[in-house]
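A.B. asks: I'd like to go over a predicted model; first the sequence, then the structure.
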Amino acid sequence: MPGSLLDADAVIGCPHGGRVTAATTPSGGVRASGAAIATAAHSYVVTGCPHTVDRVPTPCVTVRWAADGTGITVDGAPVLLDISAAECFTAAFVPQGPPVVQAAQRKVTVR
């Protein structure tokens, strides 16, 4: 199944409405439509997650992406696609569900 490359301009959220952003800058050397390509080597943080369990705040704080089997890498790290497997986690590393990538018109598709 083909997927679109994620880049620094991708709009990503946690399953509860928090915002996912790269904590480290995606590769500056490889760009698509002027935005740096995102890879699994970069750290991603979640801000503004309102999730609670039994009225105790348990927000998503980080996202971990699984490496894709596309074989496409940037600086040795697998590129991220809008269909890449990922999981949001709390500060205690409790899984919270997959991030939500908003559909966007991308000019680069990986097959």
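C.D. replies: Here it is on my side, so go on.
A.B. asks: lowest-confidence helix or strand of the protein?
C.D. replies: Taking mean pLDDT, DSSP states H and E as the measure, strand 109-110 is the helix or strand of the chain with the lowest mean score, a mean of 56.
A.B. asks: low pLDDT regions in the protein?
C.D. replies: Across the chain, the stretches falling below the confidence threshold (pLDDT under 70) are 1, 25-29, 67-69, 103-111.
A.B. asks: swap the cut-off to 90 and go again
C.D. replies: For the chain, the stretches with pLDDT under 90 are 1-10, 22-43, 65-84, 101-111.
A.B. asks: how about the contacts made by A10?
C.D. replies: 38, 82, 101-102, 104 (C-beta atoms under 8 Å, 6 or more residues apart in numbering). To be clear about C-beta, it is placed using only N, CA and C from the backbone, and glycine gets the same treatment.
A.B. asks: hmm, E87 is touching V63, no?
C.D. replies: Yes - in terms of C-beta atoms under 8 Å, E87 counts as a neighbour of V63; the distance is 7.1 Å.
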